[in-house]
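Enquirer: sequence below, structure please.
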Amino acid sequence: MDYTLLNSIQDPNQVRNLNSNQLLQLADELRSFIIDIVSQKGGHLGASLGVVELTIALHYVFNTPEDLLVWDVGHQAYGHKILTGRRAEFHTNRELNGISGFPKRSESEYDAFGVGHSSTSISAALGMALASQLNNDFEKQHIAVIGDASIASGMAFEGLNHAGVTDANLLVILNDNAIGIDPSVGALKNYLTQVKEGKNPRQNNMIKSLNFDYTGPIDGHNLPLLIKELNRLKKIKGPKFLHVITTKGKGLQLAEENQVKYHAPGKFEPKTGKIIPQDESNLPPKFQDVFGLTLVDLAKTNKKIIGITPAMPTGSSMKFMMEAFPERAFDVGIAEQHAVTLAAGMVTQGMVVFCNIYSTFLQRAYDQVIHDVALQNLPVIFCLDRAGLVGEDGATHHGVFDIAYLSCIPNLIIAAPLHEIELRNMMYTAQKGLEHPIAIRYPRGRGKLLDWQQEFKEIEIGKAVSLRKGNKIAILSTGTIGTDASQAIDQCVNPEDVALYHFPFVKPLDERLLKEIFENYTSIITIEDGTIIGGFGSLIDQWSRKNHLKNNIYNLGVPDAFIEHGKVSELRKICNLDTKNIINLLNTLITT
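Expert: Prediction:
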């Protein structure tokens, strides 16, 4: 497609100079441009296609960046980035040293608030609006764009509840497409569906009951209508709410028809939308599928097993449980706090609950993990998907803090399997009955074993294992990074000098084996795909100091910095966790 008009846009000021016909042309070019680039580079497609007209209307009507525009989550912000000076570098989206896949304050003055996790936009925009009042700026506009899946989260309601008792100059725009990453769920979704269908009387409008000036629902793809309505709302003071109906994947037929698949489809043919097939035959499984399929296997014989996920049935592979045992699997929407306490409540009644939450999202339910689970010593089984560095989603999504933020909690077992078989056996052991809650962390992506569906074996909680003996140096690893450590040993100058020990349990530590290791090796290396501060290596350091040991300990892990986006291999190199760096450290220690 010819991007003549789009290529002339360097910032929103130029959008505001366009006539109505040019705005419609811009929408066509912007949608096509997003399809062209994402088809080659990957990224979040459907959400951004759905808000092309809304994006143009917002920048046309409002004086951004002086007026503050906050996007919730950020999946839908590609058009926003392209219109705010990042078109020429949009092809670097989600690449190392390229632009972020999400709004980011340090990247552009038009990114009013950094986002990656959902449901923060209303609170952030309200904070900005109240601050503007305190600064005697009553003309500045503050806009939060939030989806129907994100608005169901507790934090979004907290923001609405507060905003409704203020006179803040706040506009909340609900981008209602009935889907987040997976289809939206819950009573609020049903309510919004009724509103869209005209079945819910206006006097029952829950948003109006919260003291918002409610408008809608209106067609989110009717650009002239959007502009007219935004211009009207701009003149109204106090909290306002605009309900906009959009179609996720708008403009690409296959993306409209397969909205879950085209949320982030990978590479595809831009004209047809057909996803370019990848040969996945004879490949090891994804860890999420190991979890999902194993859960179903266990649930067949253990009738008390329950599965819970906060809005990620596809990403976590809880979908297998939902298909096999729909009455025993729950998608609670974007509600991590509720998911954890719901699991705790079920456990009090004798259920065996697998609560699957991405590592980065469990951070949102930290209080519930402590107060509702660990303090009451309820044996909830947390399965933490996407632990470690996750790649192109970047700093908002890396699951590198879980060991640090969980290891300080009493009663909580922390486990990290070496491979797919061990993950299955950890799940098997946990469902047989534990005295404490457990968090099992495992990475994004594929494992390394083809023959992984083996007979279940119970494993001993807190026991570490020797993977290979050595004469001089001991590597202590936890999780799947132990495989990388083994490869590094094979390639160092003197492999027989290096021992490798795998710690499937970060807590409790195998102190008996630790004592034996520290008695036999002068130099100890700890390796983990989590933060050095507060992580596995830190726990080893503490144990060593407590026992007054003088061994030389070298900790490898994620440094004290937020790691940006890029391929996992690139990010591991930045963190000195790549095989080459491990080899270099081994060679230095062996030869000194």
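
Enquirer: just give me the neighbour total for Ile245.
Expert: In terms of burial, Ile245 registers 20 neighbours under the definition other Cβ atoms under 10 Å. Just so you know, the C-beta spots here come from the backbone N, C-alpha and C atoms, and that holds for glycine as well.

Enquirer: mind listing what it touches?
Expert: With contact taken as Cβ atoms under 8 Å, 6 or more residues apart in numbering, Ile245 is in contact with Asp176, Asn177, Lys196, Gly216, Pro217, Ile218, Asp219, Gly220.

Enquirer: could you find the lowest-pLDDT member of these?
Expert: Going through the contacts of Ile245 one by one, the lowest pLDDT turns up at Lys196, 71.

Enquirer: now what about stretch 448-462, what contacts it?
Expert: Counting by Cβ under 8 Å, 6+ apart, residues outside stretch 448-462 touching it are 282, 284-285, 290, 293, 413, 419-422, 424-426, 428-429, 432, 434, 483, 504-505, 508-510.

Enquirer: for it, the distance to its chain's centre please.
Expert: On the basis of Cα atoms, centre = their mean, to the nearest Å, the separation between the geometric centre of stretch 448-462 and that of its chain is 27 Å.

Enquirer: same question for that stretch, mean pLDDT?
Expert: Along stretch 448-462, the predicted confidence averages to a pLDDT of 96.

Enquirer: circling back: sitting in helices, which of the contacts of stretch 448-462 do you find?
Expert: Val290, Leu293, Glu420, Ile421, Glu422, Arg424, Asn425, Met426, Tyr428, Thr429, Thr483 (DSSP state H).

Enquirer: how far away is the residue lying closest to the third one once chain neighbours are set aside from Val465?
Expert: Nearest-residue entry for Glu420: Trp452, 3.9 Å, with adjacent residues in sequence omitted and distances by Cβ to Cβ, 6 or more residues apart in numbering. Taking Cβ to Cβ, to the nearest Å as the criterion, Trp452 is separated from Val465 by 18 Å.

Enquirer: returning to what we had before: distance to Lys237 added to the contacts of Ile245, as CSV?
Expert: Converted to CSV, the contacts of Ile245 look like this (distance: Cβ to Cβ, whole Å):
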residue, distance to Lys237
Asp176, 25
Asn177, 29
Lys196, 28
Gly216, 19
Pro217, 23
Ile218, 21
Asp219, 26
Gly220, 24
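
Enquirer: just put the residues you listed in JSON lines and tack on neighbour count.
Expert: JSON lines is the format used below for these (neighbours: other Cβ atoms under 10 Å):
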{"residue": "Asp176", "neighbour count": "24"}
{"residue": "Asn177", "neighbour count": "24"}
{"residue": "Lys196", "neighbour count": "16"}
{"residue": "Gly216", "neighbour count": "19"}
{"residue": "Pro217", "neighbour count": "17"}
{"residue": "Ile218", "neighbour count": "15"}
{"residue": "Asp219", "neighbour count": "14"}
{"residue": "Gly220", "neighbour count": "27"}
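
Enquirer: from these, pick the one nearest Gly79.
Expert: Using Cβ to Cβ, the shortest approach to Gly79 within these belongs to Gly220, at 12.7 Å.

Enquirer: ok, now how distant is that closest one from Pro239?
Expert: Summarising the geometry, the distance separating Gly220 from Pro239, computed by Cβ to Cβ, is 20 Å.

Enquirer: select only the buried ones of the contacts of stretch 448-462 in ChimeraX?
Expert: Buried members of the contacts of stretch 448-462 can be picked out in ChimeraX with the line below, counting by 16 or more other Cβ atoms under 10 Å:
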select :284,285,290,293,413,419,420,421,422,424,425,426,428,429,483,504,505,509,510
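
Enquirer: gap between stretch 292-312 and the chain center?
Expert: Relative to the mean C-alpha coordinate of its chain, stretch 292-312 is positioned 21 Å out (Cα atoms, centre = their mean).

Enquirer: next, the distance between the ends of that stretch.
Expert: In terms of Cα to Cα, to the nearest Å, the two terminal residues of stretch 292-312 are separated by 12 Å.

Enquirer: over to stretch 326-338?
Expert: When the end residues of stretch 326-338 are compared by Cα to Cα, they are separated by 19 Å.

Enquirer: list the buried residues of that stretch.
Expert: Along stretch 326-338, these residues count as buried under the neighbour rule (16+ other Cβ under 10 Å): Arg328, Ala329, Phe330, Asp331, Val332, Gly333, Ile334, Ala335, Glu336, Gln337, His338.

Enquirer: got a list of what the fifth one touches?
Expert: Residues near Val332 by Cβ under 8 Å, 6+ apart: Val185, Gly186, Ile308, Thr309, Pro310, Ala311, His338, Ala339, Leu342.

Enquirer: and what of the first one?
Expert: Listed by Cβ under 8 Å, 6+ apart, the contact set of Arg328 reads Ala299, Ile305, Ile306, Gly307, Met321.

Enquirer: adding neighbour count, write those out as CSV.
Expert: Conversion of the contacts of Arg328 to CSV gives the following (neighbours: other Cβ under 10 Å):
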residue, neighbour count
Ala299, 22
Ile305, 22
Ile306, 22
Gly307, 29
Met321, 28
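
Enquirer: ok, Leu589 to Met206 distance?
Expert: With the distance defined as Cβ to Cβ, Leu589 ends up 64 Å from Met206.

Enquirer: between the two, who's got more neighbours?
Expert: When Leu589 and Met206 are compared on other Cβ under 10 Å, the one with more neighbours turns out to be Leu589, at 18 against 14.

Enquirer: for Ile527, see how far away that one is.
Expert: Between Leu589 and Ile527 the distance is 14 Å, computed by Cβ to Cβ.

Enquirer: so where's the stretch 201-350 of the chain uncertain?
Expert: Judged against pLDDT under 70, the low-scoring parts of the stretch 201-350 of the chain cover residues 201-203.

Enquirer: tell me the phi and psi of the residue nearest to Glu420?
Expert: Per-residue torsions, Trp452: phi -100, psi -20 (degrees, to the nearest 10).

Enquirer: equivalent analysis for the one 5 residues further on, please.
Expert: When quoted as degrees, to the nearest 10, the phi and psi of Lys457 stand at phi -130, psi 130.

Enquirer: what number of residues lie near it?
Expert: Here the count is done by other Cβ under 10 Å, and Lys457 has 11 residues near it.

Enquirer: from what I can see Glu420 touches Lys286, true?
Expert: No: counting by Cβ atoms under 8 Å, no contact exists between Glu420 and Lys286, whose distance comes to 9.5 Å.

Enquirer: give me the common contacts of those two.
Expert: When Cβ under 8 Å, 6+ apart defines a contact, the residues bordering Glu420 and Lys286 alike are Gly447.

Enquirer: in the chain, where's the longest strand?
Expert: strand 523-531 (DSSP state E).

Enquirer: surely Ala339 touches Ala365?
Expert: Yes: taking contacts as Cβ under 8 Å, Ala339 lies within contact range of Ala365: 6.9 Å.

Enquirer: common neighbours of the two, please.
Expert: Once Cβ under 8 Å, 6+ apart is applied, the residues that Ala339 and Ala365 both contact turn out to be Ile357.

Enquirer: show me where the stretch 451-592 of the chain has strands.
Expert: 465-468, 473-477, 498-502, 505-507, 523-531, 552-558 (DSSP state E, counting those that start in this stretch).

Enquirer: identify whichever of these lies nearest to Leu378.
Expert: Of the strands of the stretch 451-592 of the chain, nearest to Leu378 by Cβ to Cβ is strand 505-507, at 16.9 Å.

Enquirer: show me which helix or strand of this structure is least confident by mean pLDDT.
Expert: Within the chain, confidence by mean pLDDT, DSSP states H and E is lowest for helix 187-196 among all helices and strands, at a mean of 78.

Enquirer: what is that helix packed up against?
Expert: Packing contacts for helix 187-196, counted by 3 or more Cβ pairs under 8 Å, 6 or more residues apart in numbering; DSSP states H and E, involve strand 170-176, strand 240-245.

Enquirer: partner strands of the shortest one, with direction?
Expert: To tie it back to what came earlier, the one meant is strand 240-245. Take DSSP bridges as the rule and strand 240-245 pairs in its sheet with strand 170-176 (parallel), strand 213-219 (parallel).
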